[in-house]
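Chemist: quick one, fold the following:
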Amino acid sequence: MPRSKLRPKPAAAVQVDFTPLLPATVRSDNTIKSHLASAIRRCENARKALQVLQDATREVETRDRLDNFEIQTLMSKRNNLVSVLTAISQEFDAAAKAMIAKAAG
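Modeler: Numbers count the residues shown, from 1 in each chain. The predicted structure is shown next:
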């Protein structure tokens, strides 16, 4: 009779419950508590600093928008003034040419 090539199954692993060996309560080390408290304080300080920076950024962005609006308004007024001065200059030039032509003629 031919032999099977299948290997026999290993025996089931034995499970051991270590729960009764563990202490009922796990006590935290005072050093760990101190470091944790320090980390929490630093995290809170970092959050406050971040909030201050975000507020300052918003304020600068608002001022920047207002400054851009003011620059646009001033540029518009400048362009209008240049247009008026150009028109006046052309009128003076035309008047001067007319006077010279009348005097010559």
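
Chemist: can you map out the helices along the chain?
Modeler: All helices of the chain, identified by DSSP state H, fall at 30-104.

Chemist: quick one: low-confidence parts of it?
Modeler: Applying pLDDT under 70 to the chain flags the ranges 1-13, 18-19, 22-28.

Chemist: the same query, at a cut-off of 80, please.
Modeler: 1-31, 105 (pLDDT under 80).

Chemist: gap between Lys77 and Val84?
Modeler: 11 Å (Cβ to Cβ, to the nearest Å). Every C-beta, even on glycine, is put in place using the N, C-alpha and C of the backbone.

Chemist: cool, Lys102 as well?
Modeler: In terms of Cβ to Cβ, Lys102 sits 27 Å off from Val84.

Chemist: one more: Asn68?
Modeler: 25 Å.

Chemist: next one: Arg78
Modeler: 11 Å.

Chemist: how about Ala98?
Modeler: 21 Å.

Chemist: Gly105: how many residues sit nearby?
Modeler: Close neighbours of Gly105, defined as other Cβ atoms under 10 Å, add up to 5.

Chemist: correction: Arg42
Modeler: Counted with other Cβ under 10 Å, Arg42 comes out at 10.

Chemist: do the one 4 residues further on as well
Modeler: Ala46 sits with 10 neighbouring residues when counted by other Cβ under 10 Å.

Chemist: contacting residues around it?
Modeler: Contact analysis of Ala46 by Cβ atoms under 8 Å, 6 or more residues apart in numbering lists nothing.
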